[in-house]
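# My questions concern the predicted model and sequence given below.
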Amino acid sequence: MSPTTFLLLMVAITVGAATLAIVADRARRAALRRLASSWHMHYTPSDRFRLAPRVASRLPVPGAAAVRVRDLIYGLEGDQLRYIFIVEYTAHTVSAQPRRQSVVTFVEARERREESPVQLWLAPEGMSVIEQYEHLRGRVHPAP
């Protein structure tokens with residue numbers, strides 16, 4: 001195989017992999033948008049409300065760092081706001097660790113007067129992302 005053929009093959013494989021990643025990302029976002037709509041909630045792919053700093057210290061993983069929130073579904077439930085999202089983080093900052101992710105939810109008073117403690121609920125592992133969102137929405141209810 002000539003170097004040019006090899007280069008073209010590697011470029012084609014890279015472009016194919018990138019295309020598949022983009023298609024999968026768009027499909028996930030579309031599914032979450034439909035899910036949010038069916039719950040009469042809203043969806044945003046980004047951390048519109050700057051939740052990452054608020055949840056970082058509440059994660060049940062010691063040493064969680066580089067916390068990032070994405071795929072946020074949010075809305076009102078009675079007099080409280082509910083947030084359901086994917087949180088990505090690195091554990092144990094001493095050495096290079098793979099990023100972890102969990103689907104998380106919490107509720108807070110609509111009129112937040114101060115930085116109140118946040119109780120996070122994490123979805124169980126072993127489910128698809130959509131199933132984790134549905135699990136948290138169906139089983140965790142706002143505090144009275």
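That came in fine, so what should we check first? These figures come from a predicted structure and were not determined experimentally.
# ok now do the residue lying closest to residue 79 once chain neighbours are set aside, which residues does it touch?
The shortest distance from residue 79 to any non-neighbouring residue, by Cβ to Cβ, 6 or more residues apart in numbering, is to residue 110 (5.3 Å). Just so you know, the C-beta spots here come from the backbone N, C-alpha and C atoms, and that holds for glycine as well. Taking Cβ atoms under 8 Å, 6 or more residues apart in numbering as the criterion, residue 110 is in contact with 76, 79-81.
# next one: residue 61
89, 91, 100.
# In three-state terms, label the first one for me.
Using DSSP: H, G, I helix; E, B strand; the rest coil, the secondary structure recorded for residue 89 is strand.
# now residue 48
Assigned by three-state DSSP, the conformation of residue 48 is coil.
# so it touches residue 72, yeah?
Yes: in this structure, residue 48 is within contact of residue 72 by Cβ atoms under 8 Å, at 6.5 Å.
# More neighbours: those two, which one.
residue 72 (21 against 11; other Cβ atoms under 10 Å).
# And the more buried one, how far from residue 60?
Distance, residue 72 to residue 60, by Cβ to Cβ, to the nearest Å: 20 Å.
# and the longest helix for this structure?
helix 3-38 (DSSP state H).
# Go through that one and flag the buried ones.
28, 31-33, 35-36 (16 or more other Cβ atoms under 10 Å).
# Looking at the residues you listed, which two lie furthest apart in space?
For the buried residues of helix 3-38, the farthest-apart pair by Cβ to Cβ is 28 and 36; their separation is 12.6 Å.
# After the longest helix of the chain, which helix or strand is next? Please name it.
strand 42-44 (DSSP states H and E).
# Let me see the mean pLDDT of that next one.
For strand 42-44, mean pLDDT rounds to 96.
# One more: stretch 70-78?
The average pLDDT within stretch 70-78 is 91.
# Could I get the buried residue list for that stretch?
71-74.
# Identify the bridge partners of residue 88.
Judged by DSSP bridges, the bridge partners of residue 88 are residue 68, residue 101.
# Nothing else from me, thank you.
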